[in-house]
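> sequence? don't have it. structure:
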């Protein structure tokens, strides 16, 4: 469904029309000043539409993705074998994972191909982190918090499984929290073609100015407004970051981009099921030699039973001291 069809009064005109106008740019600047002003007004209306609709849809997405079970595989996909061969640690990027929740509690289980399995649980009564070394059959308690302790591991649970927050987050941070920061400015919104369908997406650009503590940070999100405003892709630009020169080994100020691409499967009540999350980096004239790809192999709607968030569920019968 086209974005334009949802609200002809506020959504921007289709891209085909913009392409036609661009071919007549010289003429348009002379005889169509009112049309140019109207286009800017339409973009403002689209940004207003995003501000008005997104918070409610964001909370719908969080609730939906807090009451389900997902399993999958996270792997480093080599796109430049020669460069990747010079980097260390890529073999440790491969892991299987599981994420589940019942609204009041969420948990993740990440098992790298080479490294200790990690369990992170955030629940209303107990929160804990467990580890299991390679070759071992038993988990050991790494951290434990009892009921009433001031701790919230929910963010860490989700960050360990990128697919669990991909529809409403980027770079391990929720989009709503990010755009609500005083220093974050939403610059503009425009309608763009959906590369995977016949409809349209909404691209929202933003920026965070440089400060004494950090360089300028800017980027864009592409949402699907017809599917609860799920995030379809993002791109960020970090200016002034320190980048290592592979030839000299020195770190110099530079520019780095990060990219995310999220694909989906069937939808439930207007909310698509995430299918794959792909992230990579790029800089001037080069791309990172690997993509980090998280693929969903099992997606089951419905809350996880409460006993899945207990120590007993992982073979630890007696509660150790916090």
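It's in. Keep in mind that this is a model prediction, so the values were computed, not measured. Numbering: from 1, shown residues only.

> residues contacting residue 122?
105-107, 152-154, 156-157 (C-beta atoms under 8 Å, 6 or more residues apart in numbering). Yep, even glycine has a C-beta here, placed from its N, CA and C like the rest.

> now the buried members of those.
Buried members of the contacts of residue 122, scored by 16 or more other C-beta atoms under 10 Å, are 105-107, 153-154, 157.

> residue 154 touches residue 106, doesn't it?
Yes: between residue 154 and residue 106 there is a contact at 5.8 Å, judged by C-beta atoms under 8 Å.

> what mean pLDDT does the lengthiest strand in the chain get?
Counting by DSSP state E, the longest strand found in the chain is strand 251-268. Strand 251-268 shows a mean pLDDT of 88.

> pLDDT weak spots in the stretch 151-300 of the chain?
Counting by pLDDT under 70, the stretch 151-300 of the chain has low-confidence residues at 241-247.

> which residues of it fall in strands?
169-170, 173-174, 185-193, 200-208, 217-224, 230-244, 251-268, 271-283, 286-287, 290-301 (DSSP state E, counting those that start in this stretch).

> just put the ones you listed in TSV and tack on mean neighbour count.
Listed next are those as TSV, based on neighbours: other C-beta atoms under 10 Å:
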stretch	mean neighbour count
strand 169-170	24
strand 173-174	15
strand 185-193	17
strand 200-208	20
strand 217-224	21
strand 230-244	18
strand 251-268	15
strand 271-283	19
strand 286-287	13
strand 290-301	16
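
> as CSV, those strands with distance to residue 115 would be great.
CSV is the format used below for those (distance: least, C-beta to C-beta, whole Å):
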stretch, distance to residue 115
strand 169-170, 24
strand 173-174, 25
strand 185-193, 40
strand 200-208, 34
strand 217-224, 31
strand 230-244, 25
strand 251-268, 24
strand 271-283, 20
strand 286-287, 27
strand 290-301, 16
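
> and those strands: which comes nearest residue 143?
Closest to residue 143 of the strands of the stretch 151-300 of the chain is strand 173-174 (C-beta to C-beta; 22.5 Å).

> which pLDDT value belongs to residue 21?
For residue 21, pLDDT reads 27.

> picking that back up, between the contacts of residue 122, which sits nearest residue 93?
Nearest member of the contacts of residue 122 to residue 93, counting by C-beta to C-beta, is residue 156, at 18.7 Å.

> what strand or helix carries the nearest residue to that closest one once chain neighbours are set aside?
Spatial nearest neighbour of residue 156, chain neighbours left out: residue 120 (5.6 Å); criterion: C-beta to C-beta, 6 or more residues apart in numbering. Assigned by DSSP states H and E, residue 120 belongs to strand 117-122.

> picking up where we left off before, which of the contacts of residue 122 fall in helices?
Counting by DSSP state H, those place 154, 156-157 in helices.

> between those, which is nearest residue 211?
Closest to residue 211, out of all of these and judged by C-beta to C-beta, is residue 156, at 26.4 Å.

> check contacts around residue 230.
By C-beta under 8 Å, 6+ apart, the neighbours of residue 230 are 61, 167-168, 223-224, 262, 264, 271-272.

> got those residues as a markdown table, with distance to residue 73 columns?
Converted to a markdown table, the contacts of residue 230 look like this (distance: C-beta to C-beta, whole Å):
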| residue | distance to residue 73 |
| --- | --- |
| 61 | 23 |
| 167 | 19 |
| 168 | 22 |
| 223 | 26 |
| 224 | 25 |
| 262 | 16 |
| 264 | 17 |
| 271 | 23 |
| 272 | 20 |
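
> for those residues, which one is nearest residue 290?
residue 262 (17.9 Å).

> next one: that closest one from residue 181, what distance?
22 Å (C-beta to C-beta, to the nearest Å).

> same check, this time on residue 80
Distance, residue 80 to residue 181, by C-beta to C-beta: 35 Å.

> quick one: the helices in the stretch 51-200 of the chain, in order.
81-84, 154-159, 175-179 (DSSP state H, counting those that start in this stretch).
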